[in-house]
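In: Okay, predicted coordinates and the sequence, questions at the end:
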Amino acid sequence: MNRTISVSTAVFAAIWAQRQAGEDTEDAILNRLLKCGESDPAPSEITPKGDGLTDGRSGVHFAEGFDVFRTYKRKSYTGVVDGGQWVRPDTGERFPTLNQLNQSIVDGNENVWNGNWKFLGSDGTQRSIAELR
């Protein structure tokens with residue numbers, strides 16, 4: 001069974017600085033460092049367990065499990081609302097705001113409402129999150 005913990009950016013960086021080949025999750029790194037035995041497998045998908053989150057500046061509410069995606073430098077990225085935070089499924093990193101999620105991907109500052117972040121509408125078409133404002 002997995003548990004979620006919040007750590008500062010400095011602690012997160014220190015954990016990843018201890019990473020060895022084949023360790024793809026924080027759990028695997030800490031498991032080795034703390035000598036806990038076998039680590040739990042990484043979850044294959046994020047399961048809803050909260051009420052989502054509301055963007056403080058725009059007032060937009062993102063329901064638990066809401067998916068967003070974007071392309072940056074020809075690479076695709078996604079974010080999912082999980083436990084009141086944005087999660088990058090590719091790294092497992094958690095962010096309290098969409099801006100911080102975006103900063104983990106983009107070099108420099110960027111307005112997250114500029115149309116780069118998309119979601120799938122109920123009709124299956126890609127739509128800008130700016131439409132949700």
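Out: Happy to help now that I have it. Numbers count the residues shown, from 1 in each chain.

In: When you work out contacts or count neighbours from here on, use the C-alpha atoms and nothing else.
Out: Fine.

In: Okay, now stretch 64-74: how far is its last residue from its first?
Out: For stretch 64-74, the first and last residues are 28 Å from each other (CA to CA, to the nearest Å).

In: pLDDT averaged over that stretch - what is it?
Out: The predicted model gives stretch 64-74 an average pLDDT of 94.

In: Give me the buried stretch members for that stretch, please.
Out: Buried positions in stretch 64-74, judged by neighbour count with 16 or more other CA atoms under 10 Å: Glu64, Gly65, Phe66, Asp67, Val68, Phe69, Arg70.

In: May I ask you to confirm that the first one belongs to a strand?
Out: No - in this structure, Glu64 is coil, not part of a strand, as judged by DSSP: H, G, I helix; E, B strand; the rest coil.

In: looking at it, it is touching Asp82, isn't it?
Out: Yes - using CA atoms under 8 Å, Glu64 is in contact with Asp82, at 5.8 Å.

In: Can you name the residues bridging to the nearest residue in space to Glu93 that is not next to it in sequence?
Out: Once its chain neighbours are removed from consideration, Glu93 has its nearest residue in Val87; the separation is 5.7 Å (CA to CA, 6 or more residues apart in numbering). Going by DSSP bridges, Val87 is paired in beta bridges with Val80, Arg94.

In: Touching, Val87 and Val80? I think so.
Out: Yes - counting by CA under 8 Å, Val87 sits close enough to Val80 to count as a contact (5.2 Å).

In: Which neighbours do those two have in common?
Out: With contacts taken as CA atoms under 8 Å, 6 or more residues apart in numbering, not a single residue reaches both Val87 and Val80.

In: Can you pull out the residues in contact with the helix or strand of the chain with the lowest mean pLDDT?
Out: Each helix and strand of the chain was given a mean pLDDT (mean pLDDT, DSSP states H and E); the minimum falls on helix 9-17 at a mean of 82. Counting by CA under 8 Å, 6+ apart, helix 9-17 makes contact with Glu26, Ile29, Leu30, all of which sit outside it.
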